[in-house]
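S.K.: Sequence and computational prediction follow.
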Amino acid sequence: MLTLMLAATAYTVQAQPDGAALYANNCAACHKIDQDLVGPALKGVTERRDEAWLLKWVKNSQAVIAGGDQYAVDLFAKWNKVAMPAYDWTDDEIKAVFAYIKEQEKVVAAAVPSGGGTAASPGSTDGGFANNILIMLMVIVLGATVLVAGRTVSAAYRAKGVQLFNWNSINGFLFVVFMVVFFLFVGWHFVKYMKFTLPEAASLHGVLIDRMLAITFWLTFVVFIITHILLFVYAYIYRRRDGRKAYFYADNHKLEFIWTIIPAAVLTILVLYGTKVWREITQGEVSEEAITIELFAYQFGWKARYTGADGELGAHNYKLISATNDMGIDPEDPKSTDDMLVPEVYLVVNKPVMLRLRARDVIHSAYLPHFRVQMNVVPGMPTQFYFTPTMTTEQMRRSTGNFNFNYELACNKICGAAHFNMRMKFVVVEQAEYDAWLAKQKTYFKKPEVQTASLN
């Protein structure tokens, strides 16, 4: 009996809705607690409206507006008539979100000093930055002062027929010093801020992309080093010296031919190589076993749709987009009846994936960096990307040593105020785990009940 009671208690705790997660995954893209974003700030929302009203609003805001509620109509008009998505949540889930909002109101209030204004963060570096700027200005002023003094003294001695400084040699030498300091500075940035390789590729075509980028980078880097050495060293070697006359010529066809043909040939090879890689990625044969997923971008979030047993996505039409049909899926199309909308995307390792991409409002960009996937998502112009994941989420966590790692879809086009919040979790698993997850997903449109004949 005690075991059953403990099990029941554990189940009750696990079953409680997670208001923080619901808020982060659904509300944060358009709302902040204490600041207006795409929608109004949520601070004090439970005081402005009663619980019954809020439950109806979250479940279907357009229905509340259509019902003639004046507050709802005014709110919709004030925020540019941007429809809030309808959420198929239980009352407990909605209450959990508003409970989380109340908790965050206290956090925001505690962060504001009693005297007004914004609390200074403990790690604030404003003073340090100002000090660094001041030091830099002092060094520049000191250097300019020394230079002016040197020129003044040199001019005074030159008036007496004495050359105190050979400025041509000094300037040539300073060019070489600058080159050394410059290369040390570049090297320091490489070591401290850059990695010589990208994060491990987790797709088949990612290996091709990485190889192409490595060839292009190192070739460009070698040319960068050589040209800058020539630039600064030549300034010293060919400085003005007494008794030596500069050689002048108007043109040199042979030299111009060399420095035109060689870069053109190298760039042509790189472009042709890049075109070959891109063609292999985008124009390869699509496997019949590929998982087909539609990603729908909107300000400011993503929705994902899977095919059902028929393996085909149902038709869509932008005219069908509404508060209860965000993606404009055609309910009359038989292929739509088994389509599934999911909160996060699951993929099977080593099984190809076809991403079908659509946008509702402005240009977005589907970006999955570890899969080396990036494709523009354009309103009215469906695009797609085909790839094969090669590492499960768990394998990537072990490889990176980051056991909180998750693959993530982001928008790589600045598409508005809450662009930063356009994220969706991707999970790569083995086939058995994928099948178990897929079996739990529900179809978007409710299937019609089958009428059974009476036995009487």
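M.R.: Received, thanks. Predicted, not measured: the structure shown is a model, and the values here were computed from it. Numbering: from 1, shown residues only.

S.K.: hang on, His363 packs against Met375?
M.R.: His isn't right for residue 363; it's Ile. No - under the criterion of Cβ atoms under 8 Å, Ile363 is not in contact with Met375, lying 11.3 Å apart. Any C-beta I mention is one placed from the backbone N, CA and C, and that applies to glycine too.

S.K.: higher neighbour count, those two?
M.R.: Counting neighbours by other Cβ atoms under 10 Å for Ile363 and for Met375 shows that Met375 has the greater number, 18 against 15.

S.K.: Assumed the more buried one was part of a strand.
M.R.: Yes - assignment of Met375 by DSSP: H, G, I helix; E, B strand; the rest coil places it within a strand.

S.K.: Now the spatially most central residue of the chain. Nearest residue, chain neighbours left out?
M.R.: Residue closest to the average C-alpha location in the chain (Cα atoms, centre = their mean): Ala410, at 4.3 Å. Sequence neighbours aside, Tyr367 is the residue nearest to Ala410 in space, at 4.9 Å (criterion: Cβ to Cβ, 6 or more residues apart in numbering).

S.K.: pretty sure that neighbour contacts His419?
M.R.: No - using Cβ under 8 Å, Tyr367 makes no contact with His419, being 11.7 Å away.

S.K.: Give the intersection of the neighbour lists for the two.
M.R.: Taking Cβ atoms under 8 Å, 6 or more residues apart in numbering as the contact rule, Tyr367 and His419 both touch Cys411.

S.K.: circling back: got a list of what the residue nearest to the centre of the chain touches?
M.R.: Taking Cβ under 8 Å, 6+ apart, we find Ala410 in contact with 367-369, 422-423.

S.K.: Return the member of those nearest to Val186.
M.R.: For those, the minimum distance to Val186 (Cβ to Cβ) is 24.9 Å, reached by Pro369.

S.K.: The nearest residue to that closest one once chain neighbours are set aside - how many residues pack around it?
M.R.: Nearest non-adjacent residue to Pro369, counting by Cβ to Cβ, 6+ apart: Pro199, 7.0 Å away. Pro199: 15 surrounding residues under other Cβ under 10 Å.

S.K.: where are the low-confidence patches of the stretch 351-456 of the chain?
M.R.: For the stretch 351-456 of the chain, the stretches flagged by pLDDT under 70 are 446-456.

S.K.: Let me fix that, I meant to ask about the chain.
M.R.: Applying pLDDT under 70 to the chain flags residues 1-15, 80-83, 111-129, 163-165, 195-197, 446-456.

S.K.: Domain parsing of it, as residue ranges.
M.R.: Annotated domains of the chain cover 2-111, 161-242, 291-439 [automatic domain parsing].

S.K.: show me the contacts for Arg49.
M.R.: 57, 71.

S.K.: Tell me the spacing between it and Gly416.
M.R.: 26 Å (Cβ to Cβ, to the nearest Å).

S.K.: the residue most distant from the middle of this protein, which is it?
M.R.: Most distant from the centre of the chain: Lys160, at 66.9 Å, with distances by Cα atoms, centre = their mean.

S.K.: got the CA coordinates for stretch 270-286 in CSV?
M.R.: What follows is stretch 270-286 as a C-alpha-only set of coordinates in CSV (Å, rounded to 0.1, in the frame of the first residue of the first chain):
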residue,chain,number,x,y,z
LEU,A,270,37.3,27.7,-55.9
VAL,A,271,34.0,28.8,-57.5
LEU,A,272,33.7,25.6,-59.6
TYR,A,273,34.6,23.5,-56.6
GLY,A,274,31.9,25.2,-54.5
THR,A,275,29.4,24.8,-57.3
LYS,A,276,30.1,21.1,-57.5
VAL,A,277,29.7,20.7,-53.7
TRP,A,278,26.4,22.7,-53.7
ARG,A,279,25.1,20.6,-56.7
GLU,A,280,25.8,17.4,-54.9
ILE,A,281,24.0,18.7,-51.8
THR,A,282,20.9,20.1,-53.5
GLN,A,283,20.4,18.0,-56.6
GLY,A,284,21.1,14.5,-55.3
GLU,A,285,18.5,11.8,-55.6
VAL,A,286,15.9,11.8,-52.9
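
S.K.: ok so, going back, gap between the residue nearest to the centre of the chain and Phe420?
M.R.: 9 Å.

S.K.: again with Ala366
M.R.: Counting by Cβ to Cβ - Ala366 and Phe420 are separated by 16 Å.

S.K.: who has more neighbours, the two?
M.R.: Ala366 (25 against 13).

S.K.: Just confirm that one is within a strand.
M.R.: Yes - checked against three-state DSSP, Ala366 lies within a strand.

S.K.: ok, it touching Gln374?
M.R.: Yes - with contact defined as Cβ under 8 Å, Ala366 reaches Gln374; the gap is 6.9 Å.

S.K.: okay, and the common contacts of the two?
M.R.: Both Ala366 and Gln374 are in contact with 385, 412, where contact means Cβ under 8 Å, 6+ apart.
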